[in-house]
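[1] build me a model from this:
(one chain, ligands or ions: 2)
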Amino acid sequence: MKILKGIAIASGIARGEVCCYLTPSEETLPHYAVSPGDIPREIERFRAAVLSAQQEMRQMIRVIEASQDAKAADIFNAHLLILSDEQLSRAVISLIEKRGVNAEHAVNDAFEEHIRRYDALEGHFRELTHDFVDTRDRILQAFGREAGHFKCDISAGSAIIVAAKRLTPSMVLTIPRGRVLAFVTEEGGITSHATILARAYNVPMVFGIAVSAEMDCGMPVVVDGSRGTVVVAPDKKMTQYYDKKIAAAVRKKSVCMLSGKAEATTRNGKRITLKINMSTPDDLTLAHDLPHDGIGLLRTEFLFMDKTREPNEDEQVRTYRSILNACSAKPVTVRLLDISSDKLPPFLQLPARVNADMELRGAMAVEVFQELFIVQVKALLQANTHGNLRLLYPMVSDIGDLKTFRTIVHQARAILTREKKPFNADFTEGIMVETPAAALMADQLLEEVDFINIGSNDLLQYTLAASRGSAVAEARYHILHPAVLKLISMAAAAGRRAGKEVCICGEVASFEEFYPILLDIGLSSFSVTPAKFGDIKCDLMHQDIAAGKKLLTDYSAAKTKHDADAFFAKYL
Ligand code: PEP
Ligand code: MG
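    Ligands and ions are numbered 1, 2, ... in the order given. Just a heads-up that it's a prediction; the model follows:
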């Protein structure tokens, strides 16, 4: 038996046999010199391969669209854009011409350059690396190169634990749902496109495991997606331990099924506000049948990313209206554009050498890109037909930041009035608490606003000076570090004193095991990703709030990530 420690990406426990996915190795790539006379023929081979990859991609998109998987269709449409990228084509052709190498080799080198560049970036952009890998492999396959494939026969019938170097969107889609028990990989990030697709399978995922060195087809393993561990060849005691946990989870789920459409409550009857985080309009489709209490966080960045120009006012009105109307009876919390290094709209003209995480967040961005924010607020006020808009300002650290946002709202209203456009300025107003400063000033901020949302992802990075999305930081600091929890607890207490809502919408709210302590510090409003809504609601039904358990005091004794993991392991 061997216990491998990786990074927990999606919770749950699975026991089964491994099936390894093999990515074609570098050695199988033909590499030869091309004489000057043959260069035009080599360029022609490259163009033909791209054409064939594009045709294959279009065909795949048609099939995906027919199955109404809009998220997957978007991802492959983005791959189609990479395939049509003129700059990349020019780079390949220039390598063929200048270095006299064959087309496959030039494609590999040109993409490698991009892959390296994206891999060096932070957050979302880094995770685009996998999309470039996927697109490169598709062109190389069009030259007749072997595609990635499963080492063992997956047609046999039983479900498998997929082990791979990394997930790519194409690879994920080759495995039918219901046939996967868990995903285990060496590389990958929580928010990459492939991970988003894999998350829809609702199975445990652990990344950061030395798959090629430690795992092979047919090996019996247990994947613990909550602890981020993979147990290879578990012994009898370990197998029994996990079988009991799996059985308990099945029992728990069946009890929850009975509660169906009921609202979220704890075992001792306390009503909990459970809302949905939305990062794209697709999340609304996922949330449609869930008994949620509204949208707790609409990240509006999706409207601004992947665009070569700023979305205009009408376009924004249409998008916001469709979301606000779809949830007309429930509150919809819309966060104004939140600029950061991993969320930089491509069309923005940035000041030279700016550090977006330190000089362009929240109110600082509003001061640089005033017009952009005025248009967004104008669009939101026009879309607020039912008055269910909750306007949320990102990264507010003090009253000065709040005033900057309010000035924009004031200007937007004045312009709408001047333009005689109908709008509804009846909205509630809140701020994101994402810096230690905001948590420390929560009493003062709550005198001004109607509610606060705690963004624990950024609160972690700004409290510990550790970049979010960095594997080094993730390995060192617990996502609910005791220092962060103390700040969250201060904000929760300020909310109680003011009699105003404090909702936690960072990733920590999407992990069941943190709820005993989050409830214990007095939080009763949470906003979670739609994929986790059912599990969290179910878990709440099994939570007993015994007031005064003082878990925070106990947890404050945790000195390392290991201590913190051990503290929460008892709730898994
Ligand atoms: C957060 O920081 O916790 C948060 C919810 O905002 P985002 O993840 O969009 O930065
Ligand atoms: Mg944030």
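[2] all contacts plus neighbour counts: C-alpha atoms, from now on.
    OK.
[3] which residues of the stretch 401-550 of the chain fall in strands?
    Secondary structure of the stretch 401-550 of the chain (DSSP state E, counting those that start in this stretch): strands located at 428-433, 451-454, 501-504, 525-528.
[4] average pLDDT across the stretch of helix or strand Ala72 belongs to?
    Mapping Ala72 onto the secondary structure by DSSP states H and E places it in helix 70-83. Summarised as a single mean, pLDDT over helix 70-83 is 83.
[5] what comes up buried for the strand ranked longest in the chain?
    With secondary structure taken from DSSP state E, the chain has its longest strand at strand 13-22. Along strand 13-22, these residues count as buried under the neighbour rule (16 or more other Cα atoms under 10 Å): 13-22.
[6] hmm, back to that, could you point out which element follows the helix holding Ala72?
    The element immediately downstream of helix 70-83 (helix or strand, assigned by DSSP H and E) is helix 86-99.
[7] is ligand 1 within reach of stretch 501-520?
    Yes. Where contact is defined by Cα under 6 Å from any ligand atom, part of stretch 501-520 touches ligand 1, namely 505-506.
[8] quick one: distance of that stretch to the chain centre.
    The gap between where stretch 501-520 is centred and where its chain is centred comes out at 17 Å by Cα atoms, centre = their mean, to the nearest Å.
[9] the lengthiest helix in the chain packs against which elements?
    Looking only at the chain and at elements set by DSSP state H, the helix with the highest residue count is helix 39-66. Under the contact definition 3 or more Cα pairs under 8 Å, 6 or more residues apart in numbering; DSSP states H and E, helix 39-66 sits against helix 70-83, helix 86-99, helix 103-119, helix 129-142.
[10] before we move on, the earlier item: and of the strands of the stretch 401-550 of the chain, who's closest to Ile209?
    Ile209 lies closest to strand 525-528 among those, at 26.8 Å (Cα to Cα).
[11] ok, residues contacting stretch 543-563?
    Residues lying outside stretch 543-563 but in contact with it, judged by Cα atoms under 8 Å, 6 or more residues apart in numbering, are 266-268, 476-478, 481-483, 485-486, 516-517, 519-521, 564, 567.
[12] put the buried members of those residues into a ChimeraX selection.
    Buried residues within those, by 16+ other Cα under 10 Å, are selected in ChimeraX with:
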select :266,477,478,481,482,485,486,516,517,519,520,521,564,567
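[13] residues in contact with the longest strand of the chain?
    By Cα under 8 Å, 6+ apart, the list of residues contacting strand 13-22 reads 148-152, 154, 159-165, 181-182, 203-204, 215-226, 242, 245-246.
[14] for PyMOL, what selects the buried ones among those?
    Taking 16+ other Cα under 10 Å as the burial criterion, the selection of buried members of those in PyMOL is written as:
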select buried, resi 148+150+159+160+161+162+163+164+165+181+182+203+204+215+216+217+220+221+222+223+224+225+226+242+245+246
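[15] list the contacts for Arg138?
    By Cα under 8 Å, 6+ apart, the residues touching Arg138 are 53, 147.
[16] contacts only, for the residue in the stretch 451-572 of the chain positioned nearest to ligand 1.
    The minimum distance from the stretch 451-572 of the chain to ligand 1, using Cα to the nearest ligand atom, falls at Gly455 (3.0 Å). Contacts were defined as Cα under 8 Å, 6+ apart; by that measure Gly455 touches 432-434, 504-506.
[17] who wins on neighbours among the residues you listed?
    Scoring the contacts of Gly455 on neighbours with other Cα atoms under 10 Å, the highest-scoring entry is Val433 at 32 neighbours.
[18] for it, give its distance to Gly499.
    Noted for Val433: a distance of 17 Å to Gly499, by Cα to Cα, to the nearest Å.
[19] can you check Phe514 too?
    Relative to Gly499, and taking Cα to Cα, Phe514 is found at 24 Å.
[20] which of these two has more neighbours?
    The residue with more neighbours, out of Phe514 and Gly499 and counting by other Cα under 10 Å, is Phe514; that gives 17 against 12.
[21] dump the contacts of Gly455 into CSV; add pLDDT and distance to Ile82 as well.
    Conversion of the contacts of Gly455 to CSV gives the following (pLDDT from 0 to 100; distance: Cα to Cα, whole Å):
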residue, pLDDT, distance to Ile82
Met432, 98, 35
Val433, 98, 37
Glu434, 97, 34
Ile504, 98, 37
Cys505, 96, 33
Gly506, 92, 31
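[22] which one of these sits closest to Phe76?
    Nearest to Phe76 among the contacts of Gly455 is Gly506, at 28.0 Å by Cα to Cα.
[23] I'd assumed Leu460 was in contact with that closest one.
    No. Counting by Cα atoms under 8 Å, Gly506 sits too far from Leu460 to count as a contact (9.9 Å).
[24] low-confidence stretches in the chain?
    By pLDDT under 70, the low-scoring segments of the chain are 25-27, 68, 119-127, 190-191, 306, 469, 471, 546-548.
[25] residues of it that sit close to ligand 1?
    Taking Cα under 6 Å from any ligand atom as the criterion, the contact residues of the chain with ligand 1 come out as 455-458, 505-506.
[26] just the ones of those in helices?
    Residues of the residues of the chain next to ligand 1 located in helices (DSSP H): 456-458.
[27] tabulate those residues (CSV), appending neighbour count.
    Formatted as CSV, the entries for those read as follows, by neighbours: other Cα atoms under 10 Å:
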residue, neighbour count
Ser456, 26
Asn457, 19
Asp458, 21
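[28] care to break this structure down by domain?
    2-23+148-256, 26-142, 261-545 (automatic domain parsing).
[29] now for Ile209, how many residues are close by?
    23.
[30] Gly157 now?
    Gly157 has 8 neighbours, counted by other Cα under 10 Å.
[31] cool, the one 10 residues further on as well?
    By other Cα under 10 Å, the residues close to Leu167 number 28.
[32] wait, isn't it in contact with Leu197?
    No. Using Cα under 8 Å, Leu167 and Leu197 do not qualify as a contacting pair, with a distance of 9.7 Å.
[33] which of the buried residues of strand 13-22 lies closest to Val449?
    Distances from Val449 to the buried residues of strand 13-22, taken by Cα to Cα, are shortest for Ile13, at 41.5 Å.
[34] isn't Ile139 up against Ala49?
    Yes. Here Ile139 reaches Ala49: they are 5.9 Å apart, a contact under Cα under 8 Å.
[35] more crowded one of the two?
    Taking neighbours as other Cα under 10 Å, Ile139 and Ala49 compare with Ile139 leading, 24 against 21.
[36] quick one: contacts for that one?
    Each residue near Ile139 by Cα under 8 Å, 6+ apart is listed here: 49-50, 53, 107.
[37] among the residues you listed, which two are most distant?
    In terms of Cα to Cα, these reach their longest pairwise distance at Ala53 and Val107, which sit 12.9 Å apart.
[38] how close does the residue lying closest to Glu507 once chain neighbours are set aside get to Ala493?
    Counting by Cα to Cα, 6 or more residues apart in numbering, Glu507 lies nearest to Asn457, which is 6.4 Å off, once chain neighbours are set aside. Distance of Asn457 to Ala493, computed by Cα to Cα: 20 Å.
[39] next, the contact list for the residue in the stretch 151-300 of the chain positioned nearest to ligand 1, please.
    Sorted by distance to ligand 1 under Cα to the nearest ligand atom, the residues of the stretch 151-300 of the chain start with Arg299, at 6.2 Å. Counting by Cα under 8 Å, 6+ apart, Arg299 makes contact with 277-280, 334-338.
[40] ok now do Arg390, which residues does it touch?
    Under the criterion of Cα under 8 Å, 6+ apart, the contact list for Arg390 reads 331-334, 427-430.
[41] what about the residues you listed, which one has the most neighbours?
    Most neighbours among those, by other Cα under 10 Å: Val332, with 30 neighbours.
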